[in-house]
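Undergrad: below are the sequence and a predicted model; questions follow.
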Amino acid sequence: MRGLRALLAVLLCLAAAGCGSDNPFPEGSTMARIRERGVLVVGTKFDQPMFGFKDPTGGRITGFDAEIARLIAKDLTGSERNIRFVETVSRERENFISQGVVDLVIATYSITPARARLVAFTDPYYYAGQDLLVRIADTTINDVSDLNGKTVCTATGSTSVERLRTLVPRATLEIVDAYSICVPALTNGRVDAISTDDTILLGLLDQHPDMFRLVLKPFGREPYGMGVRKEDTVFRDYLNGLIARWLRDGQWDRAYKDTIGVSGVTSDSSRPATP
């Protein structure tokens with residue numbers, strides 16, 4: 001009888017998917033696999049101060065996107081340290097998701113219909129506006145319309161490209177893999193402006209305050225989402241739940257204050273509505 005009771009206990013334990021397991025996520029889900037692995041793998045950018053930036057001295061990834069990723073790692077694995085960042089430039093975001101190089105992408109990733117056909121996006125966790133960064137002494141560019149006849153640097157795969165082509169068709173676009181490439185081009189006069197989301201430009205401005213100025217005339221609003229595999233709606237819905245929780249309990253605000261907020265810019269237009 002004791003043997004029978006022991007066998008029944010084992011069967012009941014297996015049926016409950018546990019026997020003392022500390023994995024609280026549905027069996028077979030992406031969350032469960034990450035919990036079992038013990039490390040969250042996140043695609044982000046390494047060259048965008050205030051969002052995703054690799055410290056050249058210590059190698060730590062800093063910025064708002066990095067802090068959001070660490071919040072996810074903490075919820076999934078128990079510690080924000082259980083994370084591995086993979087550098088992911090704009091043109092590689094969809095590939096890295098579909099090929100399983102990363103678990104998700106958090107990389108100033110604007111939600112668009114074209115991209116949503118390839119990946120599953122979460123609800124917006126941030127809103128940005130497209131703006132212009134120019135040389136501090138250049139008084140000829142004060143609005144997007146002033147770019148006609150000028151040369152503008154922006155990144156491959158970004159929504160900035162199509163908006164510029166539509167609004168200033170007579171501008172010459174220099175399209176590169178990373179915004180960090182635009183900085184020396186603007187410094188030496190090879191391009192007249194850098195155009196992308198204002199928060200990315202703020203990060204570049206923070207590094208070169210005596211050389212550049214932000215025009216502060218946004219001409220488009222960009223909702224940022226986290227990208228996961230197209231079919232992985234369970235993981236997407238889990239992440240949506242986290243975003244809603246952070247907006248309610250103050251974790252979103254703390255992440256903003258510690259990163260973008262250091263520049264003195266308020267979160268009024270960037271913060272999604274609290275659910």
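TA: Great, that's in hand. Numbers count the residues shown, from 1 in each chain.
Undergrad: all contacts plus neighbour counts: C-alpha atoms, from now on.
TA: Fine.
Undergrad: from the chain's centre, how far out does stretch 242-259 sit?
TA: 15 Å (C-alpha atoms, centre = their mean, to the nearest Å).
Undergrad: buried sites along it?
TA: 242, 243, 244, 246, 247, 251, 252, 255, 256, 257, 259 (16 or more other C-alpha atoms under 10 Å).
Undergrad: ends of that stretch, how far apart?
TA: With C-alpha to C-alpha, to the nearest Å as the measure, stretch 242-259 spans 19 Å from end to end.
Undergrad: quick check: of the buried residues of stretch 242-259, which lies closest to residue 220?
TA: Taking C-alpha to C-alpha as the measure, residue 220 lies nearest residue 256 of the buried residues of stretch 242-259, at 21.0 Å.
Undergrad: could you break the protein into its assigned domains?
TA: Annotated domains of the chain cover 28-125+225-263, 128-221 [automatic domain parsing].
Undergrad: can you list those in JSON lines and add mean pLDDT?
TA: Converted to JSON lines, the domains of the chain look like this (pLDDT from 0 to 100):
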{"stretch": "domain 28-125+225-263", "mean pLDDT": "96"}
{"stretch": "domain 128-221", "mean pLDDT": "94"}
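Undergrad: tell me which element residue 84 is part of?
TA: In this structure, residue 84 sits in strand 83-87 according to DSSP states H and E.
Undergrad: helices or strands up against that strand?
TA: strand 40-44 (3 or more C-alpha pairs under 8 Å, 6 or more residues apart in numbering; DSSP states H and E).
Undergrad: show me what the strand it packs on is packed against.
TA: Right, strand 40-44 is packed against helix 64-77, strand 83-87, strand 104-105 by 3+ C-alpha pairs under 8 Å, 6+ apart.
Undergrad: and after the second one, which helix or strand comes next?
TA: In this case it means strand 83-87. Next along from strand 83-87, by DSSP H and E: helix 93-98.
Undergrad: who's in contact with the top helix by length along the chain?
TA: If you go by DSSP state H, the chain has its longest helix at helix 233-249. Applying C-alpha atoms under 8 Å, 6 or more residues apart in numbering, the external contacts of helix 233-249 come out as 29-31, 72, 120-123, 125, 228, 252-253, 272-275.
Undergrad: kindly export the very next helix or strand once past it (C-alpha atoms) in CSV.
TA: Next in sequence after helix 233-249, counting helices and strands by DSSP H and E, comes helix 251-258. Extracted in CSV, the C-alpha atoms of helix 251-258 (Å, rounded to 0.1, in the frame of the first residue of the first chain):
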residue,chain,number,x,y,z
GLN,A,251,8.5,51.2,-12.4
TRP,A,252,8.2,52.8,-15.8
ASP,A,253,8.6,56.2,-14.3
ARG,A,254,11.7,55.1,-12.3
ALA,A,255,13.3,53.7,-15.5
TYR,A,256,12.6,56.9,-17.3
LYS,A,257,14.0,59.1,-14.5
ASP,A,258,17.2,57.1,-14.3
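Undergrad: now helix 251-258 against helix 64-77, angle please.
TA: Computed by axes from the mean of the first three to the mean of the last three C-alpha atoms, to 10 degrees, the angle separating helix 251-258 from helix 64-77 equals 140 degrees.
Undergrad: counting contacts, what elements does helix 251-258 pack onto?
TA: Using 3+ C-alpha pairs under 8 Å, 6+ apart: helix 251-258 touches helix 64-77, helix 233-249.
Undergrad: the longest one vs helix 64-77, what angle?
TA: Yep, that's helix 233-249 we're talking about. Using the same axes, to 10 degrees: helix 233-249 against helix 64-77 is 110 degrees.
Undergrad: just how off-centre is helix 233-249 within its chain?
TA: 15 Å.
Undergrad: pull the CA atoms of stretch 183-203 into CSV?
TA: The C-alpha atoms that make up stretch 183-203 are tabulated as CSV, following Å, rounded to 0.1, in the frame of the first residue of the first chain:
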residue,chain,number,x,y,z
VAL,A,183,27.9,62.0,-35.9
PRO,A,184,31.3,62.4,-37.6
ALA,A,185,29.5,63.1,-40.9
LEU,A,186,27.6,66.0,-39.3
THR,A,187,30.7,67.2,-37.4
ASN,A,188,32.8,67.5,-40.6
GLY,A,189,30.0,69.0,-42.7
ARG,A,190,29.5,66.0,-45.0
VAL,A,191,25.8,66.0,-44.0
ASP,A,192,23.7,68.9,-42.8
ALA,A,193,21.5,67.2,-40.3
ILE,A,194,20.7,63.9,-38.5
SER,A,195,17.1,62.9,-38.4
THR,A,196,15.5,60.2,-36.2
ASP,A,197,13.5,60.0,-33.0
ASP,A,198,14.0,63.0,-30.6
THR,A,199,15.1,60.8,-27.7
ILE,A,200,17.9,59.2,-29.8
LEU,A,201,19.0,62.7,-30.9
LEU,A,202,19.0,63.8,-27.2
GLY,A,203,21.4,61.1,-26.5
